[in-house]
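A.B. asks: Just need the structure, nothing else, for what follows:
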Amino acid sequence: MATTPKTSPAKKAPKADVALEAKIWDVSGKETGTIALPAELFGADWNADLVHQVYVGMRANARPTVANTKFRGEVSGGGKKPWKQKGTGRARHGSNRSPIWRSGGITHGPRAERDYTVKINKKMRVAALRAVLSKKFKEGEIIFVNKFDFAEPKTRDARAAIVAIAAAAGAPTLATKRVNAAVIALVKKDVTSEKSFRNIGSMISEEVRNLNTVDLMDKKFLIIENPAEAFEVLKARLPNAAA
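C.D. replies: Take a look at the predicted model:
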């Protein structure tokens with residue numbers, strides 16, 4: 001009986017890469033050009049487990065240990081036996097600092113010496129930040145602006161710029177979202193811009209060199225000022241990005 005030779009299944013064509021190019025806007029909502037995005041910053045694969053681990057670790061490291069209760073040896077009072085051991089008809093007690101007494105010590109309560117810190121390797125931080133930047137770009141949640149050049153600190157001017165940029169970039173929720181709208185990434189320290197955005201409760205401003213996984217995951221959009229210079233800052237901060 002003749003047998004037909006087995007043929008290997010046809011290989012699927014590889015998926016086309018997302019074009020790493022984006023438009024640049026000004027504060028009036030006009031397009032000023034385009035910019036090529038570095039693949040080592042915006043072409044990484046999404047790694048949900050890694051991002052979750054880094055996010056939870058960073059939140060734990062920022063957790064203050066303020067909750068503290070006192071043991072029976074730390075509360076005020078005591079020192080004298082409340083009443084004699086026998087003959088009163090009441091239960092015997094040796095101190096009113098006992099945990100079963102009102103205003104006594106606390107049993108198994110939280111203590112301020114508890115340490116919540118978690119070790120996060122540098123390579124994990126770098127990879128998580130790259131993954132978040134790449135995911136946000138692919139989902140259209142990163143907007144590039146040439147310059148925030150406010151003459152003076154004015155919330156009104158900052159809000160007008162956000163409305164114009166949101167309309168031009170096709171991201172209406174950027175201007176209407178009441179909480180966790182965006183991170184404004186400034187290429188360097190800019191007091192005028194920081195004060196202009198400070199009174200917009202749904203946004204935070206931060207220098208590009210201080211971008212982190214927690215802030216980017218907590219906010220929907222990322223607005224990067226002066227992208228060409230910002231990319232150089234990010235590349236210098238993420239030296240293992242190409243590895």
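A.B. asks: contacting residues around the top helix by length along the chain?
C.D. replies: In the chain, with assignment by DSSP state H, the single longest helix is helix 122-138. Contacts to helix 122-138, defined as C-beta atoms under 8 Å, 6 or more residues apart in numbering, come from residues 18, 20, 22, 37, 40-47, 50-51, 53-55, 142, 211-213, 216-217, 221-222, 238, 240-241. Glycine gets a C-beta too; all of them are placed from N, C-alpha and C.
A.B. asks: and with 6 Å instead?
C.D. replies: For helix 122-138, contacts defined as C-beta atoms under 6 Å, 6 or more residues apart in numbering pick out 18, 41-42, 44, 46-47, 50-51, 54, 142, 213, 216, 222, 238, 240-241.
A.B. asks: For PyMOL, write a command that selects the buried ones of the residues you listed.
C.D. replies: In PyMOL syntax, the buried subset of those is picked out as below (16 or more other C-beta atoms under 10 Å):
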select buried, resi 41+42+44+47+50+51+54+142+213+216+222+238+241
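A.B. asks: Domain-wise, how is this protein divided?
C.D. replies: The chain breaks down by automatic domain parsing into domains covering 22-46+121-237, 64-115.
A.B. asks: worst average pLDDT in those domains?
C.D. replies: Lowest mean pLDDT within these: domain 64-115, at a mean of 92.
A.B. asks: Strands of this structure, start to end?
C.D. replies: Per DSSP state E, the chain carries strands over the ranges 21-25, 31-36, 142-145, 182-186, 203-207, 221-225.
A.B. asks: So for residue 75, which of these sits nearest?
C.D. replies: The minimum distance between residue 75 and these falls on strand 203-207, with 41.8 Å, by C-beta to C-beta.
A.B. asks: That closest one - which strands sit beside it in the sheet, and in what orientation?
C.D. replies: strand 182-186 (parallel) (DSSP bridges).
A.B. asks: starting at the chain centroid, how far to the strand it pairs with?
C.D. replies: 12 Å (C-alpha atoms, centre = their mean, to the nearest Å).
A.B. asks: Repeat that for stretch 203-219.
C.D. replies: Stretch 203-219 sits 6 Å away from the centroid of its parent chain (C-alpha atoms, centre = their mean).
A.B. asks: Only C-alpha atoms, please: export it in CSV.
C.D. replies: Extracted C-alpha coordinates of stretch 203-219, given in CSV (Å, rounded to 0.1, in the frame of the first residue of the first chain):
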residue,chain,number,x,y,z
MET,A,203,-2.2,65.4,35.4
ILE,A,204,1.3,65.4,36.8
SER,A,205,4.4,66.9,35.3
GLU,A,206,7.8,65.2,35.6
GLU,A,207,11.2,65.3,34.0
VAL,A,208,11.8,62.7,31.4
ARG,A,209,14.7,61.3,33.4
ASN,A,210,12.4,60.5,36.3
LEU,A,211,9.7,58.6,34.3
ASN,A,212,8.8,55.3,36.0
THR,A,213,6.5,52.4,35.7
VAL,A,214,4.1,53.4,38.4
ASP,A,215,3.3,56.9,37.1
LEU,A,216,2.9,55.6,33.5
MET,A,217,0.6,52.8,34.6
ASP,A,218,-1.5,55.1,36.8
LYS,A,219,-2.1,57.6,34.0
